[in-house]
Each structure stands twice: as C-alpha cells, then as structure tokens.
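> Predicted coordinates and the sequence they were generated for:
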Amino acid sequence: MRREVDFLVIGSGIAGLSYALKVAKAGTVCVLTKSQAEETSTRYAQGGIAAVLYTPDSYEKHIQDTLIAGDLLNDEKIVRLTITESTERVKELIRWGAKFDKKKSGRYELGREGGHSENRVLHYKDQTGFEIERALLEQVKKHPNIEVLENHFTVDILTQHHLGIEVNRRTPGIECYGAYVLNPVTKNIDVFLARTTLICTGGAGNVYLVTTNPPVSTGDGISMVYRAKGAVENMEFIQFHPTALFHPSETPAFLITEALRGAGAILKTKDGKEFMHKYDDRKSLAPRDIVARAIDNEMKIRGEEHVCLDCHHIRKNELISGFPAIYAKCLSIGIDMTKEMIPVVPAAHYICGGIKVDEWGRTSIKNLYASGECASTGMHGANRLASNSLLEALVFSHRASLDAIRQKRKTRFCSDIPDWNAEGTVLNEEMVLITQTIHELQSIMSNYVGIVRSNLRLKRAFDRLEIIYRETEDLYKKSILFVRICEMRNMITVAYLIIKLAQRRKESRGLHYNIDYPKDIKEMLNHNHLHHGFDQNG
Ligand code: FAD
Ligand code: SIN
C-alpha cells in the first residue's frame with residue numbers, strides 16, 4: 001500500500017502530538033505510533049514540566065540551573081531560547097486542556113526537583129504526563145486533518161538510498177521522502193510518502209536491564225537516522241534516575257519522583273543513615289548525575305541491592321494527596337510510605353543525546369525534523385535538569401512546526417520510491433534468538449556502560465557487542481520483518497553509538513563518568529571506593 005501525506009509524524013508523545021496540532025492547519029497529518037497512541041514515556045512523567053511563571057524565579061535563574069546541571073556542555077543559545085519560550089508554550093498546553101495543581105489562591109503550585117534553585121515545576125499530582133497525554137490526544141482525535149495510526153511500526157526513513165543512489169555521511173543534500181512502515185494487518189511494509197517528516201520516537205532506556213522507560217523506548221528513531229547517514233551526537237550521556245522502586249521482578253521499573261525529595265524525602269542507607277552529605281552540599285537534591293553515582297557507590301561499598309527513601313517525617317495528608325500513585329504503588333507491594341522507607345535503585349531513564357538538530361528542529365537530512373527525547377538540541381549538555389525534557393519537546397515541536405509549514409510549499413512527493421523488497425526472506429520461528437540477544441545486549445550495557453565506566457569496561461562492551469551485531473545483521477537480512485527483530489537491531493545500533501561516543505570522550509563530564517579520568521580530589525576519593533565496590537561484587 002502507498003500513502004501520501006503532507007506531514008508525517010512518527011511518535012505520539014508530547015513531541016509528536018503538540019507538533020501535529022500545529023501543522024494540521026497547513027495540511028494533512030498522519031501520526032504513526034508503534035503501540036497504542038497513549039503508550040509513551042510522556043504518559044508516565046511524574047514530576048512535571050519546568051517553566052518560569054512567577055517571581056522570585058526568573059529566566060536567568062532557570063538558565064543558570066540548566067547550564068550547571070549540564071556541566072556547561074549545553075549550547076547556551078539553545079538553553080536561552082528554550083527557557084525564554086517556556087512560559088508561552090506552557091500556557092498553550094493549558095489552553096489545550098492540560099490541568100496542573102493550583103493553590104487556594106489560584107496560583108499554580110510549583111514543585112522543586114534536584115538542581116533547581118527555585119520551585120518551578122508545574123505538575124498534576126504525581127501523574128503529570130498522564131494528564132498532558134490525555135489532553136493532547138483529546139485535541140488530536142477531534143482534529144479533522146489528523147489521522148492517528150496505532151500499531152504502525154516505522155522500519156526506516158526513505159532517502160536517495162532507496163532510489164539506488166549511494167549516500168554516505170559526507171554526502172551533501174540527503175533528503176527524506178517519508179518512511180517504510182510495517183502494516184499490522186497485512187504484515188507487509190507500506191510506503192508513506194511525505195513532504196516533511198518529524199521523528200519523535202522518544203528514548204532508548206530499554207538498552208539497559210533496569211529502566212523507567214516503557215517498552216516502546218528502543219531508540220528506533222535515532223537508529224533510523226544513523227542508518228540514513230544523518231548526524232547523531234552526545235549519545236554517551238545516559239541519565240540514570242536515582243530513585244526507581246526496588247522491585248526486581250517488575251519491568252519497567254516504577255519511578256519514585258524526584259519531587260518527593262523536593263517535598264523533603266531523604267536518601268538513607270538500609271540501616272537508616274543519611275549519606276548524601278558526603279557527596280554534595282545539596283544532599284538529596286543535588287543534580288541527578290551526582291545522586292545516582294552516590295547511590296551506586298554506597299550500594300557497592302556496602303554490598304547492598306538498594307538504598308532507601310525516607311519520607312515518614314512528611315505530613316501523611318501531604319504525602320497521600322500529593323503523591324497518590326506512588327502511595328498506592330508502594331502499598332500494593334506491602335510498603336506504607338507514611339511509616340516505612342521506600343527501597344530505591346537507580347534506573348536508566350533518559351538519553352540526553354540523539355539526532356542532532358538546529359534551533360528549528362531540523363536534522364542534517366533535508367525535510368526531516370526531530371523533537372523530544374530522540375533529538376539532541378544542545379539544551380541538556382552532559383546532564384538534563386529534571387523536568388526540562390517535556391519543556392524542550394514543546395518548544396522544539398513548536399519551532400519545527402513553523403519551519404515545516406514554510407517548507408511544505410517547496411517540497412514534492414517522491415513517487416519513484418520502490419516498494420519494499422522482501423525477496424528471499426523467511427519467517428523466523430526461533431524467538432529465542434531474539435529474546436536471548438536482547439538480554440545479552442542489556443547485560444553488556446548495564447555491567448560495562450552504566451553509571452560508572454572505565455576504558456577497559458567500554459572496550460569489553462564494544463568487543464561483545466560486535467559479535468551480536470554481526471549475528472543480528474545476518475538474521476535481519478534473512479527474516480521476514482516483524483517488530484521485535486527491528487527493535488533489537490535498533491537497540492544494538494543505539495548501544496554501539498553510546499559505547500563509541502563514550503570511548504571517544506577522554507574526560508568525566510556530567511553523566512559520563514569514567515574512572516580512568518577522575519575529575520577532582522573528591523571524585524578520586526570516590527574512585528577508590530568504586531574500585532573496591534567493583535571488586536567486591538564481581
Ligand atoms: P515519547 O513520549 O516516549 O513517545 C514516543 C512515541 O514514539 C511513542 O508513541 C512510540 O510508540 C513511538 N515510536 C517509537 N518508535 C517507533 C517506531 N519505530 N514506529 C512508530 N512509532 C514509534 N520528563 C520531564 O520533563 N518531567 C517529568 O516529570 C518526567 N518524568 C518521567 C517519568 C518517567 C517514568 C519517564 C520514563 C520519563 C520521564 N520524563 C520526564 C522524560 C519525558 O517523559 C520524556 O523524555 C518525554 O515524554 C519524551 O516525549 P517524546 O514525545 O519525545 O517521546
Ligand atoms: C521525576 O519525576 O523524578 C522525573 C522528572 C524528570 O525525569 O524530568
């Protein structure tokens with residue numbers, strides 16, 4: 001089957017839906033999503049969305065907090081434009097119907113998270129993402145120009161390569177013509193031709209064993225763009241959220257929002273001792289990279305599987321009304337957080353790098369835009385400040401929509417794109433080859449490319465990955481395509497990029513911590529602990 005659409009949108013999270021609502025005034029829009037429309041990372045966001053609304057907060061304070069958290073690797077121009085546009089974008093989200101908690105005075109109740117010097121996080125209890133996704137989907141579903149196709153997995157974007165023209169990373173003028181998409185009914189690969197395409201496929205947390213990300217986050221968009229010879233950057237900066245609920249049998253790991261620490265919860269070891277003062281003056285509310293490393297270190301020194309979050313000193317009413325989902329989740333596994341400590345561990349949470357874009361969300365490939373977690377805008381630098389990602393997605397989807405509408409008049413459909421060629425492929429009946437490879441990949445990444453890295457661990461990861469890369473490419477070429485095999489291939493590409501860029505970075509910076517490049521005396525002290533911990537736990 002062949003389709004033509006003015007604006008193709010690959011992803012139905014905050015980035016995709018907010019963009020779709022804007023470009024829909026200029027033409028036909030098709031939103032593709034590989035699962036149900038609401039199944040996105042957006043839906044699970046808890047803490048909220050950072051924006052400057054009231055004094056004493058100011059754009060300048062938010063900008064400085066973002067730069068400090070990012071270890072000054074951010075693009076300051078991008079940070080400034082994103083934050084100065086925050087108020088307008090959040091007001092628009094509210095006009096679309098998203099609700100945020102208010103005080104009795106009618107002012108928004110702003111929460112605080114690690115690395116923020118002011119309370120500036122708009123939230124809807126501990127279910128902010130659920131509320132945002134609900135409001136956006138409601139708007140999208142009633143828009144006559146927008147069609148949402150669920151369970152439509154995008155395999156690859158279309159470029160000159162599909163016209164038989166060789167392209168490489170130095171080829172100027174690579175163009176995107178749309179995408180090859182797996183049809184859930186016919187199981188064939190359909191051709192979606194588009195004037196412009198937005199990739200907004202979210203993160204890649206599933207390359208690790210323990211992640212807060214839903215199963216859809218397998219780095220597909222980043223991998224597609226890399227295969228199409230587009231620019232990808234900063235992949236070494238993987239953010240581990242310090243506090244996911246320790247409940248080993250559960251995937252994804254349930255998040256315990258940083259806003260709980262913002263409300264006063266304190267990190268402690270299992271025996272009830274505080275430890276964050278040893279690592280940072282901001283204690284439990286230091287930026288995430290510091291807190292996650294501190295927890296990792298404590299767990300390794302003590303040989304324990306988790307640390308704890310103590311909130312029993314916070315008023316019971318405040319806990320239950322402010323964090324109802326977390327309260328209910330903890331109770332469901334027998335923990336009353338108003339009386340008992342919550343066991344927590346770090347979990348892969350967010351990828352700061354991704355598809356390189358400019359200030360209009362334009363990738364290095366013509367007519368192809370990227371926004372949301374799969375994009376690398378320069379906003380986050382080496383470590384994202386909490387609650388800045390929903391904001392970044394809104395700002396860049398808005399900017400990309402303006403450019404895509406301008407671009408629409410200048411582009412045509414490329415009807416020469418051939419149908420997908422499935423000749424010579426067979427149905428793979430050995431699912432074990434896939435499940436086992438994915439597990440191997442996740443083990444390699446978690447053991448060697450996690451919170452703390454070393455040159456030796458990175459080399460070992462690279463060598464192991466090479467073997468499964470070759471096996472997977474071989475399997476992929478011979479197989480009739482289905483979702484899991486494509487996701488596996490994409491995850492291997494993303495893992496390759498994380499390792500390669502981690503090897504290339506000869507320093508410890510932000511989220512990329514390599515014990516062969518300690519940063520200062522305090523970190524060298526920790527470095528000794530880390531070696532000790534590693535030996536202890538094998
Ligand atoms: P997503 O919302 O993840 O949407 C991705 C979409 O792409 C999905 O529709 C998926 O089906 C689709 N897709 C992927 N691959 C394909 C493919 N091959 N073909 C077709 N469709 C595809 N950030 C904050 O700022 N504040 C928070 O409080 C916060 N809390 C978080 C809590 C959790 C538990 C998690 C996991 C993340 C949190 N984040 C938070 C991060 C933030 O939620 C995400 O970065 C953001 O929602 C990403 O939005 P997105 O639109 O880029 O992608
Ligand atoms: C959280 O609620 O702790 C997550 C916030 C974020 O990832 O920005």
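Nice, thanks for sending it over. Because the structure is a prediction, the values reported are computed rather than measured. Ligands and ions are numbered 1, 2, ... in the order given.
> Show me the shaky parts of the stretch 401-538 of the chain.
For the stretch 401-538 of the chain, the stretches flagged by pLDDT under 70 are 520-538.
> Can you name the residue of it nearest ligand 2?
Closest residue of the stretch 401-538 of the chain to ligand 2, CB to the nearest ligand atom: Leu511 (12.8 Å). C-betas here are computed from N, CA, C, even on glycine.
> Hmm, that residue is touching Cys352, no?
Yes: here Leu511 lies in contact with Cys352, judged by CB atoms under 8 Å, at a distance of 6.7 Å.
> anything in contact with each of the two?
Here Leu511 and Cys352 share the contacting residues Phe237, Ile238, Gln239, Ala382, Asn383, scored by CB atoms under 8 Å, 6 or more residues apart in numbering.
> Specify which member of these is nearest to ligand 1.
Of all the shared contacts of Leu511 and Cys352, Gln239 has the smallest distance to ligand 1: 9.1 Å, by CB to the nearest ligand atom.
> sec struct for the closest one, please.
strand (DSSP: H, G, I helix; E, B strand; the rest coil).
> can you pull the contacts of it?
Contacts of Gln239 by CB under 8 Å, 6+ apart are Arg288, Asp289, Ala292, Ala348, His349, Tyr350, Ile351, Cys352, Asn383, Arg384, Leu511.
> Highest neighbour count among the residues you listed?
Each of the contacts of Gln239 was scored for neighbours by other CB atoms under 10 Å, and Ile351 scores highest at 31 neighbours.
> Bridged to that one, which residues?
For Ile351, the beta-bridge partners under DSSP bridges are Ile238.
> Confirm for me that it is in contact with Asn206.
No: between Ile351 and Asn206 there is no contact under CB under 8 Å: 11.0 Å.
> Tell me the buried residues in whichever helix in the chain runs longest?
Criterion DSSP state H: the longest helix present in the chain is helix 455-478. Residues of helix 455-478 classed as buried by neighbour count (16 or more other CB atoms under 10 Å): Arg457, Leu458, Arg460, Ala461, Phe462, Arg464, Leu465, Ile468, Tyr469, Thr472, Leu475, Tyr476.
> where does the spatially most central residue of the chain land on pLDDT?
Relative to the mean C-alpha position of the chain, the nearest C-alpha, by CA atoms, centre = their mean, is the one of Gly203, at 3.3 Å. Note on Gly203: pLDDT of 98.
> Could you do Cys311 as well?
97.
> looking at it, it is touching Gly264, isn't it?
Yes: using CB under 8 Å, Cys311 is in contact with Gly264, at 6.9 Å.
> out of the two, which sits in the busier spot?
Between Cys311 and Gly264, Cys311 has the larger neighbour count (other CB under 10 Å), namely 25 against 15.
> how near is that one to Leu267?
Distance from Cys311 to Leu267, counting by CB to CB, to the nearest Å: 11 Å.
> Glu131 too?
Taken as CB to CB, the span from Glu131 to Leu267 is 28 Å.
> repeat for Glu38
32 Å.
> More neighbours: which of the two?
The residue with more neighbours, out of Glu38 and Leu267, is Leu267; 24 against 16, by other CB under 10 Å.
> could you point out which element follows the longest helix of the chain?
Using DSSP states H and E, the helix or strand that directly follows helix 455-478 along the chain is helix 483-504.
> in that next one, what's buried?
By neighbour count on 16+ other CB under 10 Å, the buried set for helix 483-504 is 483, 485-499, 501-503.
> Measure how it sits relative to helix 455-478, angle-wise.
Helix 483-504 runs at 150 degrees relative to helix 455-478, counting by axes from the mean of the first three to the mean of the last three CA atoms, to 10 degrees.
> For helix 483-504, name the packing helices and strands.
In terms of contacts (3 or more CB pairs under 8 Å, 6 or more residues apart in numbering; DSSP states H and E), helix 483-504 is packed against strand 153-158, helix 220-227, helix 431-448, helix 455-478.
> Which of the ones you listed sits closest to Thr251?
Closest approach to Thr251 among the helices and strands packed on helix 483-504 (CB to CB): helix 431-448, 10.2 Å.
> What separation do you get for Ala265 and ligand 1?
Look at Ala265 and ligand 1: by CB to the nearest ligand atom, to the nearest Å, they are 16 Å apart.
> Hmm, that residue is touching Leu309, no?
Yes: the criterion here is CB under 8 Å, and Ala265 meets it with Leu309 at 5.0 Å.
> out of those two, which sits in the more crowded spot?
Using other CB under 10 Å as the criterion, Ala265 and Leu309 rank with Ala265 on top: 28 against 22.
> Need phi/psi at that one.
Per-residue torsions, Ala265: phi -60, psi 150 (degrees, to the nearest 10).
> how about Lys316, what does it touch?
Thr338.
> In this structure, where is pLDDT below threshold?
520-538.
> Go again with 80.
Within the chain, the segments meeting pLDDT under 80 span 428-429, 519-538.
> As a quick check, tell me the outermost residue of it.
Outermost residue of the chain (CA atoms, centre = their mean): Gly424, 36.1 Å.
> Quick one: check the helix or strand hosting Leu137 for contact with ligand 1.
Assessed by DSSP H and E, Leu137 sits inside helix 128-141. Yes: residues of helix 128-141 are located near ligand 1 by CB under 6 Å from any ligand atom, namely Thr128, Gly129.
> which secondary structure elements does whatever helix or strand comes next after that helix contact?
As assigned by DSSP H and E, the chain's next helix or strand after helix 128-141 is strand 146-149. Under the contact definition 3+ CB pairs under 8 Å, 6+ apart, strand 146-149 sits against strand 29-32, helix 128-141.
> Just give the number of residues close to the closest residue to ligand 2 within the chain.
The minimum distance from the chain to ligand 2, using CB to the nearest ligand atom, falls at Gly47 (2.6 Å). The tally of other residues near Gly47 (other CB under 10 Å) stands at 26.
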